[in-house]
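Enquirer: Below are the sequence and a predicted model for it; my questions follow.
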Amino acid sequence: MLSTRSALARLLAVEWRPAETFTLPNGLQVVVLPSHRAPIVTQVLIYKVGSADEVHGQTGIAHFLEHMMFKGTPTTGATEFSRIVSRNGGRDNAFTGFDVTGYHQTIAADRLELVMRMEADRMVNLRIVEKELLPERQVVLEERRTRVDNVPSELLDEAVREQLFGRHKPYAMPTSGYADDVKKLGVNDLTNFYRRHYAPNNAALIVAGDTTVDAVRKLAEKYYGPIPRRTVEPRRRPKEGGPGLPQRVTRADVRVSEPRWSRDYLAPSYRLGETKHAHALQVLARLFGGTENSRLSRALVADAKLALSASSAYSPASLGITAFDLSVQPAPQKTILEIETAVAEQMKRLLDDGVTAEEVEHAQNQLLAAAIYSQDSLASGPRLYGALLSTGGTTADVDAWPQRIAAVTRDEVLAAARHVWRDEGAVTSLLAPVEGSR
Amino acid sequence: MMRRAVLGVGLLGALLATSMPFASAGAVDIKEVTTPLGIKAWLVEDKSVPVVTLSFSFAGGTATDPEGQKGVTNLMATLLTDGAGPFPAQVFRQRLEDAAVSLSFGASHDRLNGSMRMLSASRQEGFELLRLALALPRFDLEMVDRRRAQFLSSVNQGSQRPTTVAERTLMGIVFANHPYSIDTQGRREALQSVPIDDIKQRATALIARDGLIVAAVGDIDEATLARSLDRAFGNLPASTTRPAIPDWTPPAKARTQIVDRPVPQSAVRMALPSILRGDPDWYAAFVMNHMLGGGGQQSRLFAEVRERRGLAYSVSSSLRTYDKAGLLVISTASANERVADAVRVIRAEMARLRNETVGEPELNDAKTYLTGALPVSLDSSGSIASLLHSLQIDRLPRDQLDKRAALIGAVTADDVRRMARRLLRDDLMTTVVVGKPIGLVGDP
C-alpha cells in the first residue's frame, strides 16, 4: 500500500505542461495549450464580464447577450454562426457565469482559422436586431424556467445568495436574470452592454489541441490583431457580504420530497478578502466533506446514521468574495436540530483539535490527482485557464497551483477554518417538503 | 454556469464544406488484445498523458432483475466498490483514494457497466482493487442499508422532477409489460425489501467472463494490458446462466398522457418505435433523425421550435437502442401556456420530413456534421474508451470508424424520406406531458 506522502511526491513529480502565453498589442491575452493526440482544436474566447457586472433592474443581460452573439454580423448572417461550425464538422457553444462569459468551438485542426475569423468578427461587428431578439428572449425565459423555476433547490439557492451577498448585489443577482428584468431588456440595452464590455483588452483567447504557439500567434494577429482596444471600466466587487448575517432561509415546496440542510459561509477568493487562505480552504473542503471518507460524511452518514450524504465545497476562482458551503441530506425521521448539532460538533472538534498531517496529505493527494486527470481532456485546460484569467489570475497562478496546494500546512488549514466558519458570515438554509406531500 | 443549448438552423447556403474534415477518420488506431487466459479487449495506446482508462461491461442489466427485485442490479453494482476481500468499505475507499484510482459501477437495461481511471503509476494497485471488487465484494450489512436508503431517496426525488416523471411515464407506456418499462433505478418497494442474499446472487448471476466486453485507452502497452486483464478478470467464472431479455412488441396505437404537476413549464417526451442498431437502414435513420432533431445546431426542430418561435430552450430527438428494442425519442420543455404550440410544431416538422424530400444542401450539411462530430468528440481518454466499448456492444468491426464516413455519405434524400415515413408515425406515437399544460388533452 502506498503511503500518502510518497503518493504526494509522485504526483508532484508528474510533468505539468505549462501553457505558452503572449499578449497582442491591443491587449488580448492569448494562451496556447498544445496537445497532439487527436487532429482537433478547441478555441475558447472569454470576456471578463458576467452577471456580477450587471446592475439592479437589468439582471440577465450578460446571459441574454451571450445568446444574441449567435445572431449575426454583416458577414455572418443571423443564425449562421453555429450552422457554419456544424457544416465543418465542429461543435460550438457558450456559457455565462458570475464573472465570465465564454464562447467555444471544437473542430478539426485545419479549421482553426475559420472559427478564429468568425469569433473575432463577432467581437466587434455584432448586430442586434428586434426581429431576432424577440423570439430569443422567450428562449432565455424558457431556459430560466428549465433551470430555476421548475427546480425548487435552485429557487432556494437564489434566496440564499440574496441573503449571503445582499439583495441586488453582485453574486446575488441570478445569472439567468429575474424574469421581470429579462422581459424588459431590449436592443439598446444589449447593444450598450456589448459595447461597454466586449473588447480585446477585456478578453482572453485560449486555444488547446493540435496546433502550435506560432500558428496561433499568426492567426490571432491576423484576425484579432486589428480590433482596436476600448476603454473598459474597472470591475467592482463589494468587500462585504449581505447585511444582518447570520440569516436563515427556508423553502417549503410541494415539489420537494427529500429535505436538504445547507449552510453557506462567506469566504475569501483568490482575489478578494483574506486571499492567503484560498489554498488552505481547498484542502479544508476536501478533508472535511470532499468524499465519503471525509470527516463530515464519516460522522453523520457512517457513524451516527443521521444523514444520507454530507459534503462541503469551496471554489476560489471568483473576482469577489465567494462561499464555503456545507450540505447535508438528512436520513428519514431525523430532525434538522439533530443535523445541525452534529455538524456543529464536527466543526468544533476541528477548530479545537486541528487536523492531522495524514488528513492534509490525503486531501492534497486527491486535489493533485484531479488536476492531472484534468489534463486528459481537451476541454478542461481551457476551462481552468478561463476561470482564472476572468477573475484576475495569471497563467503563472495555474502553473504554481500544484506546489501551492502541496505546501499547505496543518496550521494553515486550521487558520482558514477559523477565519471562515463564523456566524457573522453565515446563511443556513432548509429545503423542505410541505407536510403531507411525501 | 449557464450553457446555451445547441443552436442552429436549416437555412440553405452555399456549401463551404466541399472538402470533408477528417476524410480519413481512422485517426484512432485500435488494437485487439487477447490475453493468455482468452480475454479479448480493444486498446488505443496513447502516452501523451500518464493516465489509463478502462471501460467494460457484463451482459445482463436491470432488464434481467428478477420479479419483485426491480432495482437490485443497480444496487449491487454500487455496492461492488463498497468493500471487497479483506477491506471494509472505508479501507477500500481509502486505498482507491490513495492511489488516485476512480472505480465505479452502474447498470443500464442491458448491461452491468464498469469504468476505471488511474494514473499509469498506480496501475498495479488499480487492477488489484478491480479484481477484488469483482471477485470478492463484501456486501456488508451496513453498506447495504446505506445504499438502500440513498437509492430510495433518489427514486423519491425523481418522482418530483418533471423530466424524470415524463421519462418514467413514457417508458411505462411504450414498454408496457416488458422489463424495459421499469427504470434502471428500480421500484421503491423492491429496493426497500430485497434481501442481501439476493443482492449477492445478482453479482454471481452477471459477473462472468463470457459476457465481458473491455476497452482500454491510454498509457499502457499490449503486454501490460494483457497481464493486467488476466489478473483482474482471469479468475472469474468462465460462464454464467443469464436470464434472457424477452422480445418487445411495440405499441400498436398512439397515446397521449398528461401528468399533472405544479410547475410553470411542462416537460414533453414523445416516443416512436424505431430500428435496432444492426438494421441495414441504421445510417439512413441516423441521418434522418439528425435532420429532424439531432445535435450540432442544424436540426429542423431547433430552427422551428426554438429559433423561429422561441417556444423552448431545448428541443431534440435521439435514437435509442437496446438489445431488444429501438426508439426515437423527442424531448422538449415549454411554458404551460405555450407547450401545445410546441407539440403542434414538432408534429408539423415530422409531417414535413415524411411529405417532402429534403434538399441536397441540407442533407450534405447534416452528413458533414455527422462525419466530423465523432472525431471531434474524442477529446479525452474516457470518451475514446466509451466509443471502443460501444462499438463492441454493437458488434461492429474495429475498422468501423474508417467505414463510417462512406456509410453516412451513401445516404440519399430518398432514404431520408423513406425512413421518415417508416419511423415518424403519428399513429404510433406516445406523447407524455408533465406539468399543467393548457390546450392539450390526454387519452382516457
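Expert: That came in fine, so what should we check first?

Enquirer: can you pull the contacts of residue B:57?
Expert: The neighbours of residue B:57, taking Cβ atoms under 8 Å, 6 or more residues apart in numbering or on different chains as the test, are B:111-114, B:212-213, B:389, B:393. For glycine as for every other residue, the C-beta is placed from the backbone atoms N, C-alpha and C.

Enquirer: And it, which helix or strand is it part of?
Expert: With elements taken from DSSP states H and E, the one containing residue B:57 is strand B:51-59.

Enquirer: Could you pull up phi and psi at the closest residue to residue A:426 other than its chain neighbours?
Expert: Closest residue in space to residue A:426, ignoring its immediate chain neighbours: residue A:246 at 4.5 Å, by Cβ to Cβ, 6 or more residues apart in numbering or on different chains. Note on residue A:246: its backbone torsions stand at phi -80, psi 160 [degrees, to the nearest 10].

Enquirer: Would you mind measuring from residue A:246 to residue A:164?
Expert: Per Cβ to Cβ, to the nearest Å, residue A:246 is found 10 Å from residue A:164.

Enquirer: overlap in contacts of those two?
Expert: Shared contacts of residue A:246 and residue A:164, defined by Cβ under 8 Å, 6+ apart, are found at residue A:427.

Enquirer: Tell me which stretches of the stretch 301-444 of chain B form helices.
Expert: B:339-355, B:360-377, B:381-393, B:400-409, B:413-423 (DSSP state H, counting those that start in this stretch).

Enquirer: all helices in the stretch 201-350 of chain A, in order from the N-terminus.
Expert: Counting by DSSP H, counting those that start in this stretch, the helices of the stretch 201-350 of chain A are A:213-223, A:278-289, A:295-297, A:336-353.

Enquirer: Out of the ones you listed, indicate the one that is most buried.
Expert: Across those, the average number of neighbours (mean count of other Cβ atoms under 10 Å in any protein chain shown) peaks for helix A:278-289, which reaches a mean of 26.

Enquirer: need the contacts of residue B:57 in JSON lines with secondary structure and distance to chain A, can you?
Expert: Formatted as JSON lines, these follow (DSSP: H, G, I helix; E, B strand; the rest coil; distance: Cβ to the nearest Cβ, whole Å):
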{"residue": "B:111", "secondary structure": "strand", "distance to chain A": "24"}
{"residue": "B:112", "secondary structure": "strand", "distance to chain A": "22"}
{"residue": "B:113", "secondary structure": "strand", "distance to chain A": "20"}
{"residue": "B:114", "secondary structure": "strand", "distance to chain A": "18"}
{"residue": "B:212", "secondary structure": "strand", "distance to chain A": "25"}
{"residue": "B:213", "secondary structure": "strand", "distance to chain A": "22"}
{"residue": "B:389", "secondary structure": "helix", "distance to chain A": "17"}
{"residue": "B:393", "secondary structure": "helix", "distance to chain A": "23"}
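
Enquirer: Of the residues you listed, just say which sits nearest to residue B:54.
Expert: residue B:114 (7.7 Å; Cβ to Cβ).

Enquirer: so what's the residue nearest to residue A:426 up against?
Expert: If you count contacts by Cβ under 8 Å, 6+ apart, residue A:246 has them with A:423-428.

Enquirer: most surrounded residue in those residues?
Expert: Taking other Cβ atoms under 10 Å in any protein chain shown as the neighbour criterion, residue A:427 ranks highest of those with 25 neighbours.

Enquirer: which SS state does that residue fall under?
Expert: Recorded secondary structure, residue A:427: strand (DSSP: H, G, I helix; E, B strand; the rest coil).

Enquirer: before we move on, the earlier item: in JSON lines, list the helices of the stretch 201-350 of chain A along with distance to residue A:44 and mean pLDDT.
Expert: JSON lines is the format used below for those (distance: least, Cβ to Cβ, whole Å; pLDDT from 0 to 100):
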{"stretch": "helix A:213-223", "distance to residue A:44": "12", "mean pLDDT": "98"}
{"stretch": "helix A:278-289", "distance to residue A:44": "23", "mean pLDDT": "98"}
{"stretch": "helix A:295-297", "distance to residue A:44": "35", "mean pLDDT": "97"}
{"stretch": "helix A:336-353", "distance to residue A:44": "38", "mean pLDDT": "98"}
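
Enquirer: quick one: which of those is nearest residue A:115?
Expert: The nearest among these, by Cβ to Cβ, is helix A:213-223 at 9.8 Å.

Enquirer: Just say helix, strand or coil for residue B:105.
Expert: Following three-state DSSP, we place residue B:105 in the strand state.

Enquirer: So residue B:176 lies in a helix, does it not?
Expert: No: applying three-state DSSP, one finds residue B:176 to be coil, outside a helix.

Enquirer: what separates the residue found closest to it once you drop the neighbours it is linked to in the chain from chain A, distance-wise?
Expert: Nearest non-adjacent residue to residue B:176, counting by Cβ to Cβ, 6+ apart: residue B:251, 6.9 Å away. Remark: distance between residue B:251 and chain A (Cβ to the nearest Cβ, to the nearest Å) = 28 Å.

Enquirer: same deal with residue B:145?
Expert: Residue B:145 sits 8 Å away from chain A, going by Cβ to the nearest Cβ.

Enquirer: Now do the same for the residue in the stretch 251-400 of chain B positioned nearest to chain A: its pLDDT.
Expert: Here the stretch 251-400 of chain B gets closest to chain A at one residue, residue B:372, 1.6 Å apart by Cβ to the nearest Cβ. Listed pLDDT for residue B:372 reads 89.

Enquirer: For it, which non-adjacent residue is spatially closest?
Expert: residue A:89 (1.6 Å).

Enquirer: Touching, that neighbour and residue B:367? I think so.
Expert: No: using Cβ atoms under 8 Å, residue A:89 is not in contact with residue B:367; the gap is 9.8 Å.

Enquirer: With that, I have no additional questions.
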